[in-house]
Structures are given as C-alpha cells and as structure tokens.
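In: when you get a sec, could you give me coordinates for this:
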Amino acid sequence: MDDLSNKAKVLRFIPFRKADVIEMCVQQGGLGSTDQILFREFCFRLQSLFHYQFHQQLEALKDVYVPLDPDADTRQVELPAKPGMRGNIAQDPREFSAMLEALLVNANYEKLDQSDLAQALQEASIFKIRLQVDFEDFSDVLIYLRGESVQEETVSSWFGLRKKVIEFVNYDRVLIYIKFKDDFIANKSALRSYQSGATLLKLFQNVPKADIEMLFPNTQVRMRNIDKIMIGVPAAISGGIVLATKLGATLILLASLIGFWIGLHTESVALDNTALATLFFGLAALGSYLWKQFSSFSNRKLRFMQTLMKNLYFKNLDNNAGVFHRLIDEAEEEECKEAILAYYFLLAQIEPISQAALDDIVEKWFKTCWQYALDFEISDALDKLEKLGLIEKTNDLITVLPLDQAVMKMQSHWNDALLFKPGKAHS
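Out: Now for the predicted structure:
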C-alpha cells in the first residue's frame, strides 16, 4: 500500500463544488453577518464574470473545432473576412489542440508524459486481459488526467477458488485526444468508421492506470500466456486421446495409402467399405476436435472483448464536442474556486502576507479541516486577483481590497464585459 500511495500524486484539482467552497469559507468564521452577505455577493459577481469569459472561450473552441468535428450535423459556410469578424474557419488542428491544452490546464488536468504512459502500458491489467495498441496509426496523441487515488479490488483466480485483494492506482478522469495520420488506412474492421486525418476526443471516468490501453480506438485483445496454457494444455491432452482412440486406425490406413502412392512399398491397399468408413469417421473426429479447439479459443477471446466493451461503456463520460463543453464547465469551476479561496484567506489576514505563506495556509486548511492533500495553485490564483485589481503587492507582501470595494470593483468589470468590442467576438 505504501508503494502505491507514493505513486498517487498530490494534484491541483480541488474536489469540492464552488458552492461548497463558498460555504466552507463562510463556516470557517472570521466574517460578521454583514461581511458574510458581502462575501456571497462578491462570489456571485466573480462567478458571473468568469462564466461570461469562459462562454467566450467556448465559442472560440466551437469555431476552431468545426472542421474537426466527426459528429457535426450543420453545413459549413465559407465567408469572406470582414473587419472585426472571423472569416474562413481555421483548418489547422494544431490551433484546436493548443486551445484544448490551455483549457485542460485551467481545469487542473495533469498531462500524462511518455514515461508514465510507457509504465502504464507495461503494467498487468486488473481485468485479466492483455491489450495492445498500435501507435503507428496516430500522428498526435494527448492524454490528460485529473484526480488520482489508490483503490482496492477483489479478484478471483483458479475458477473462483482463490480470491485476493489487489491495490492499484486509479484515475478519476482521463481525457484522450487522438489524430489519425493523414495516410492512415483502416485495415481493421473496428476502425472502418475512421478516415485518414480524423480526430477523436473522449473523456472517461475511473480508469485504472494499468488499463489506459483500453481507451484507444485501435486496441486489440491478445491472449496472455496463462490463457494460452489454459487452452493449449487441455487441447494437447485431448488431442493425444483422440489420436490414440479415434484416429489410430485412420492414420495407419492413410500412412499405408501414402506409402503405396509414393512408392515406399508395392503392396496395394484395398479401399473396401470398412476402410472407407474408418477413413471417414477418423477425419470426422479430427474435424470435430479442431472445431472444438477453435470454438474454445474464439469464445475465450469473445469474453475478453465483452469485458473490454462493458468497462468502456460504463467509463465513457463524453465524446468529441461534448468533451470540451464539459471541460469549459470544469475549468470555470476550478478558476472560481482558486480565486475565491485566495481572496478569502487574504481577507482573513490582519497583516500583509507573502505568497508562500498564503499557499501554506490554504494547503494546511484543506489537509487539517477537509482531509485532502492539495497542491494549491497560488500563483495562478493571485494572478487572477491581480488582473481584477483586487490585490496590491508591496515588497513581496500582499494585501487585498476590503469586501465593499471588491464588490464595486467586480461590478465595474461586469459593466465593461457587457460592452460590445469590435474584433473581440469569439476571440
């Protein structure tokens, strides 16, 4: 358990709703009844402003994603560019992937680097299947994670006679963005619906680290060595029995016929009714045996595929355009929570405080009061407050505007946001 606990990273994700974070701050104390009302009003205006800003980001993402969307049911219209408006929709997938990565950072997702991916691909699946992914089909692959924990699962072996509890690293959210190569040719039946250059965007929940492979569209189920043994050993034993009991006479007859045809001996073999019956029933037994082994292999592989599909069905949260709609909402939540927490704990300080000290206070509060180890993004939180004009810095010490002034400042920002600005639409 200790080894796996060390693998579970301390993440930036704040696993509480922003409405709950506001109540958590209020219940912490330090605010009088009037200040509580002002604090809730401040949070409301902050959320409204962030919601408006993220709506603009959503519209920009929708524009760029149009030529990449495999589920689109609208027609594309080519329009000449006009001052203050976008013209032809961008066709470069790199623009979308760059915007997507920026959104994922705001939503506190962590990028899965190549070393972690390689380690995940090498680990044994907890679903007792072996998976293989052909990365040569893709020109671009992005995998982002959010929420990581160590969980337990009871697995059975030896036909259910033996059970044991295993521990594994589990990801709460896994996003995968894939772009197929421009020269991709779908030579596998499972990939017939994908064209060259196609893009896929999928979001999953509760994915074990060892089963990342099952999220790829070209995943192939392979037999494990233990499965080959479980099929091969009974097949070899039953094959020996078939040879000894049902094919002995047939093999002797066939050997005699072949020997006579190639000139190994001159004595001819009489193919009477008895010999023909022996030959027929022997070959029928051989055919039945081979079909039984093939069926056993196919059925086992089918069970593996059913296990894979069942897990994917219940783990899939969203696809393609639906993914970044969800991400926009998650990013808005995270940005709001970070700004609210930074403002509240600055407000609670009697004297100016340093960034490092404020970061320590927030992280200890989560650890002590809410039993959650958090890597609070203090720099990002303070940047947001500074852009809004809510804090002042003097010699690395930070002070915050009082609540009444902060509320007025947020109202001013909201009024500015609603003013139409040519050239800013969907940017």
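
In: send the alpha carbons of stretch 14-31 over as CSV?
Out: The C-alpha coordinates for stretch 14-31 follow below in CSV (Å, rounded to 0.1, in the frame of the first residue of the first chain):
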residue,chain,number,x,y,z
ILE,A,14,-10.0,20.9,-5.8
PRO,A,15,-12.6,18.1,-5.3
PHE,A,16,-15.3,20.3,-3.9
ARG,A,17,-18.1,22.3,-5.8
LYS,A,18,-17.6,26.0,-5.8
ALA,A,19,-20.9,26.5,-4.0
ASP,A,20,-19.5,24.2,-1.2
VAL,A,21,-16.2,26.1,-1.2
ILE,A,22,-18.0,29.3,-0.5
GLU,A,23,-19.9,27.7,2.4
MET,A,24,-16.7,26.2,3.7
CYS,A,25,-15.1,29.6,3.8
VAL,A,26,-18.2,31.2,5.5
GLN,A,27,-18.4,28.4,8.1
GLN,A,28,-14.6,28.9,8.8
GLY,A,29,-15.6,32.0,10.7
GLY,A,30,-14.0,35.4,10.8
LEU,A,31,-16.8,37.2,8.8
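
In: mind listing what's buried along that stretch?
Out: By 16 or more other Cβ atoms under 10 Å, the buried positions in stretch 14-31 come out as 14, 16, 18, 21-22, 24-26, 31. Placement of C-beta: from N, CA and C, glycine included.

In: quick one: which of those residues is nearest residue 417?
Out: residue 18 (19.1 Å; Cβ to Cβ).

In: that closest one touches residue 333, doesn't it?
Out: Yes - using Cβ atoms under 8 Å, residue 18 is in contact with residue 333, at 5.3 Å.

In: got the phi and psi for the nearest residue to residue 330 once chain neighbours are set aside?
Out: Nearest residue to residue 330, sequence neighbours excluded (Cβ to Cβ, 6 or more residues apart in numbering): residue 107, at 4.3 Å. Backbone torsions of residue 107, given as degrees, to the nearest 10, read phi -80, psi 10.

In: ok, residue 107 touching residue 336?
Out: No - here residue 107 does not reach residue 336: they are 11.7 Å apart, not a contact under Cβ under 8 Å.

In: could you pull out the strands for the chain?
Out: Under the criterion DSSP state E, strands of the chain are mapped to 110-111, 130-132, 138-157, 162-180, 199-208, 220-222, 316-319, 353-354, 391-394, 397-400.

In: winner for burial among these?
Out: Comparing those by mean neighbour count (mean count of other Cβ atoms under 10 Å), strand 199-208 ranks first with a mean of 20.

In: put the alpha carbons of it into PDB.
Out: Coordinates of each C-alpha in strand 199-208 appear next as PDB, following Å, rounded to 0.1, in the frame of the first residue of the first chain:
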ATOM      1  CA  THR A 199      -9.700  13.400 -34.800                       C
ATOM      2  CA  LEU A 200     -11.200  11.900 -31.700                       C
ATOM      3  CA  LEU A 201     -11.800  13.500 -28.300                       C
ATOM      4  CA  LYS A 202     -13.000  11.300 -25.400                       C
ATOM      5  CA  LEU A 203     -13.500  11.600 -21.700                       C
ATOM      6  CA  PHE A 204     -13.600   8.700 -19.300                       C
ATOM      7  CA  GLN A 205     -14.000   8.200 -15.500                       C
ATOM      8  CA  ASN A 206     -12.500   5.700 -13.000                       C
ATOM      9  CA  VAL A 207      -9.800   4.300 -15.200                       C
ATOM     10  CA  PRO A 208      -7.100   2.100 -13.600                       C
END
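
In: what about residue 357, how many residues nearby?
Out: Neighbour count of residue 357, defined by other Cβ atoms under 10 Å: 13.

In: so what's residue 151 up against?
Out: 167-168, 170, 208 (Cβ atoms under 8 Å, 6 or more residues apart in numbering).

In: right, I'll call it a day here.
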